[in-house]
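In: Turn this into a structure:
(2 chains)
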Amino acid sequence: MKKIRVRFAPSPTGYMHVGNFRTALYTYLFAKKNKGDFILRIEDTDQKRYVKDALEKLIQVLDWAGFGYSEGVYLENNNVIQKGEFGPYIQSERLDIYKKYAHELVENGHAYHCFCTPERLEEMRAEQIARKQAPKYDQACLKLSEEEVMEKMKSGTPYVIRQKIQAEGATEYTDLIRGKIRIENEVLDDQVLLKSDGYPTYNFANVIDDHLMEISHVIRGEEYISSTPKFIQLYQNFGWNVPAFAHLPLLLNPDKSKLSKRQGDVAVEDYIKKGYLKESVANFVALLGWNPGEGSTQEIFSMEELIEKFDLAHVHKAGAVFDLKKLDWINAQYIKKLSIDELYKKSLEFWKQKDFFNAASDDKKTEEYLKKVLEVEQDRLKNLSEVGESNKFFFQNISYDKELLRWKDMNDGDLKSSLEKSRKILGEISNWTKEKLEQKLLEAAADKRGELLWPLRVALTGEQRSPSPSDVAWVLGKKESLKRIEQALEKF
RNA sequence: GCCGCCAUCGUCUAGUGGUCCAGGACGCUAGGUUCUCAUCCUAGAAAUCACGGGUUCGACUCCCGUUGGCGGUACCA
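Out: Residues are numbered from 1 along each chain as shown, chains lettered A, B, ... in the order given. Now for the predicted structure:
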């Protein structure tokens, strides 16, 4: 059996769209599952869309996600390098190859030179639309004699090379996800293969490279379903084997339109910045359009499990709405599973972006202190960028209205003695652990927890919502806790 | 306009002719745990399986049509 080789072939547009990211994930999973090769190829054939550093950013996201590929374009010490026997893997470095094959096609009568100006083409299409016809190249240049072509070439008239589509019959293929797809050849346009600037179009470069790189399965977005017959004719014109195709469903906005920037973040980079873990993003995105089937109700999948269970046959056909609520939930699940050590390491960069953190005294920035804060916050975090956000009292002085201390209808005298009682209990604890603090406080509160714990919690945090007072006291330490109780008592 | 793809709770989905008056998850609501918030646990609401015809003893599942959504229709990918 032929070796399975798949590729992720993005064009560097400046950021990694989550839809593209999912294509990369599925392609990666398919390769791993089938012990095949996974290749990263760069499709930068549109010079008008050139974006600086886009290539680097793309690779960085792939590296972040851990989609290890075995061949293609890499980033090493900030330099773009290429590895593998089928290179180059950047299409703009393969121009001679495309030219050669395009001319071969012309020789064989499967393609022809076209000298039509963009203006003429536009006019032609406008007319066709006005006549309610499908816009399609009218093959004007196909009628040119060999001499006329030579003459125009000699005079330097800009030209493109167009594919001469098989006019009769229909082209059929079996999509791995959708089954049989059939399109009548008469609706197919004589598409441009080689542009006048010498660059190939996606439609051409893709076929040439997939063949030359021995790609066995073409996995890509749904938007290519209708142009695939043109690809297939190209393979046939060359006498090449046609690879298998799998067209993935689209990712959608909540209003079911194609996922776009307008309606929220579409760049994977945005989610990285917000503190979503790579495991969460991969898990979430994997489930958008795929599930293991067979009645499985599993929601959380490690990368290993995804590789083991992934199957193109279980990819859903319809587009999936990108719903962030579930991403939050999945991310919270992964954060809960992190060790404090891992959580600390991953959260560090987010702490450093926060003003309240940077303004805090040095003793509040130690690893030991931050780990305590994280231990208290771990079950509450939906993403890493929220770190410390709802518990700023760990880092700064607090101020609050005296009335906030009042539990239900307690009077000032009772409030004062409640705080004094807390002061006494905490003051007597020498083994300052979370467990000890909780035990002593609950013991003292007996069945009147609110009367003791509410005023204490407010005294320590200045907030009406916070973690429990024993946890807060544990983080703050004995000295600071007693100091804050003292400050509360001063209000009386 | 033409061509193609798709269509199950708000959302992601299970379901491949009978076990489905449709199961799970997120979200939502209520209750429990609880000093508050979050977590956690329990329960609940939520889908005339887009609609209409067939085929069949029987259809969410197969076929046809309609409607709707989306994609393509570029010297963009």
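
In: helix or strand for the residue of chain A positioned farthest from its centre, which one?
Out: Going by Cα atoms, centre = their mean, the residue of chain A most distant from its centre is residue A:413, 57.2 Å out. Using DSSP states H and E, residue A:413 falls within helix A:412-428.

In: which helices and strands sit right next to that helix?
Out: Helix A:412-428 sits against helix A:434-445, helix A:449-461, helix A:478-489, with contacts defined as 3 or more Cβ pairs under 8 Å, 6 or more residues apart in numbering; DSSP states H and E. (Each C-beta comes from the backbone N, C-alpha and C, glycine too.)

In: ok, and what's touching that helix?
Out: With contacts defined as Cβ atoms under 8 Å, 6 or more residues apart in numbering, helix A:412-428 is touched by A:405-407, A:410, A:437, A:440-441, A:444, A:451-452, A:455-456, A:459, A:469, A:473, A:478, A:481-482, A:485-486, A:488-489, A:492.

In: does that helix come close to RNA strand B?
Out: No - using Cβ under 7 Å from any atom of the strand, helix A:412-428 never reaches RNA strand B; the gap is at least 11.3 Å.

In: so where is chain A shaky, pLDDT-wise?
Out: A:1, A:262-263 (pLDDT under 70).

In: residues from the stretch 51-200 of chain A in reach of RNA strand B?
Out: So the stretch 51-200 of chain A meets RNA strand B at A:116-118, A:121, A:125, A:129, A:132-137, A:158, A:160, A:178-179, A:181-184, A:187, A:189, A:191-192, A:195-197, A:199 (Cβ under 7 Å from any atom of the strand).

In: Tell me which entries of those residues lie within strands.
Out: Judged by DSSP state E, the subset of those located in strands is A:160, A:179, A:181, A:182, A:183, A:184, A:192.

In: Touching, residue A:56 and residue A:79? I think so.
Out: No - applying Cβ atoms under 8 Å, one finds residue A:56 not in contact with residue A:79, separated by 9.5 Å.

In: Among these two, which residue is more densely surrounded?
Out: A side-by-side neighbour count of residue A:56 and residue A:79, using other Cβ atoms under 10 Å, places residue A:56 first with 13 against 8.

In: residue contacts, that one?
Out: Residue A:56 sits in contact with A:75, A:78, A:80, where contact means Cβ under 8 Å, 6+ apart.

In: What is the nearest of those residues to residue A:277?
Out: residue A:75 (21.6 Å; Cβ to Cβ).

In: how much space is there between residue A:36 and RNA strand B?
Out: Applying Cβ to the nearest atom of the strand, to the nearest Å, the value for residue A:36 to RNA strand B is 22 Å.

In: neighbours of that residue, just the number please.
Out: By other Cβ under 10 Å, the residues close to residue A:36 number 18.

In: now do residue A:144
Out: The burial count for residue A:144: 16, using other Cβ under 10 Å.

In: For the helix or strand residue A:233 falls within, buried residues please.
Out: Taking DSSP H and E as the definition, residue A:233 sits inside helix A:228-238. Across helix A:228-238, burial judged by 16 or more other Cβ atoms under 10 Å covers A:228, A:229, A:230, A:231, A:232, A:233, A:234, A:237, A:238.

In: and these as TSV, adding distance to RNA strand B?
Out: TSV is the format used below for the buried residues of helix A:228-238 (distance: Cβ to the nearest atom of the strand, whole Å):
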residue	distance to RNA strand B
A:228	9
A:229	9
A:230	9
A:231	10
A:232	14
A:233	15
A:234	14
A:237	19
A:238	19
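
In: and the ones in strands among the residues of the stretch 51-200 of chain A next to RNA strand B, which are buried?
Out: Buried by 16+ other Cβ under 10 Å: A:160, A:181, A:183, A:192, out of these.

In: on that earlier part again, from the chain's centroid, how far away is the helix holding residue A:413?
Out: Here the centre of helix A:412-428 is set off from its chain's centre by 52 Å, with Cα atoms, centre = their mean, to the nearest Å.

In: Kindly report the same for stretch A:11-31.
Out: Using Cα atoms, centre = their mean, the offset of stretch A:11-31 from its chain centre is 8 Å.

In: and residue A:101, what does it touch?
Out: Per Cβ under 8 Å, 6+ apart, neighbours of residue A:101: A:208, A:238.

In: Now with 6 Å, please.
Out: Residue A:101 sits next to residue A:208 when contact means Cβ atoms under 6 Å, 6 or more residues apart in numbering.

In: Please name every helix or strand in contact with the helix or strand hosting residue A:344.
Out: Applying DSSP H and E as the criterion places residue A:344 in helix A:340-351. Packing contacts for helix A:340-351, counted by 3 or more Cβ pairs under 6 Å, 6 or more residues apart in numbering; DSSP states H and E, involve helix A:367-377.

In: could you check the angle helix A:340-351 makes with the helix it packs on?
Out: Calculated by axes from the mean of the first three to the mean of the last three Cα atoms, to 10 degrees, helix A:367-377 forms an angle of 100 degrees with helix A:340-351.

In: Just the angle for helix A:367-377 relative to helix A:434-445, thanks.
Out: Using the same axes, to 10 degrees: helix A:367-377 against helix A:434-445 is 50 degrees.

In: Residue of the stretch 301-450 of chain A closest to RNA strand B, please.
Out: When scored by Cβ to the nearest atom of the strand, the stretch 301-450 of chain A has residue A:449 as its residue closest to RNA strand B, at 2.5 Å.

In: what about that residue, distance to residue A:443?
Out: Distance, residue A:449 to residue A:443, using Cβ to Cβ, to the nearest Å: 11 Å.

In: more neighbours, those two?
Out: Neighbours were counted for residue A:449 and for residue A:443 using other Cβ under 10 Å; residue A:449 has more, 13 against 9.

In: for RNA strand B, what are the nearby residues on the stretch 351-492 of chain A?
Out: So the stretch 351-492 of chain A meets RNA strand B at A:379-380, A:407, A:445, A:449-450, A:453-454, A:457, A:464-470 (Cβ under 7 Å from any atom of the strand).

In: Filter the residues you listed down to the buried ones, ChimeraX style.
Out: Of these, the buried ones can be selected in ChimeraX as follows, counting by 16+ other Cβ under 10 Å:
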select /A:407,445,453,454,457,466,467,468,469,470
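
In: Spatially, which two of the residues of the stretch 351-492 of chain A next to RNA strand B are the most separated?
Out: Spatially, the most separated pair among these is A:379 and A:407, at 24.7 Å (Cβ to Cβ).

In: got the CA positions of the helix holding residue A:233 in PDB?
Out: The C-alpha trace of helix A:228-238 is given here as PDB (Å, rounded to 0.1, in the frame of the first residue of the first chain):
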ATOM      1  CA  THR A 228     -12.000  19.800  -7.300                       C
ATOM      2  CA  PRO A 229     -13.200  18.500 -10.700                       C
ATOM      3  CA  LYS A 230     -10.800  21.100 -12.300                       C
ATOM      4  CA  PHE A 231      -8.000  19.700 -10.100                       C
ATOM      5  CA  ILE A 232      -8.900  16.200 -11.200                       C
ATOM      6  CA  GLN A 233      -8.800  17.000 -14.900                       C
ATOM      7  CA  LEU A 234      -5.300  18.400 -14.300                       C
ATOM      8  CA  TYR A 235      -4.100  15.200 -12.700                       C
ATOM      9  CA  GLN A 236      -5.600  13.300 -15.600                       C
ATOM     10  CA  ASN A 237      -4.100  15.600 -18.200                       C
ATOM     11  CA  PHE A 238      -0.700  14.800 -16.700                       C
END
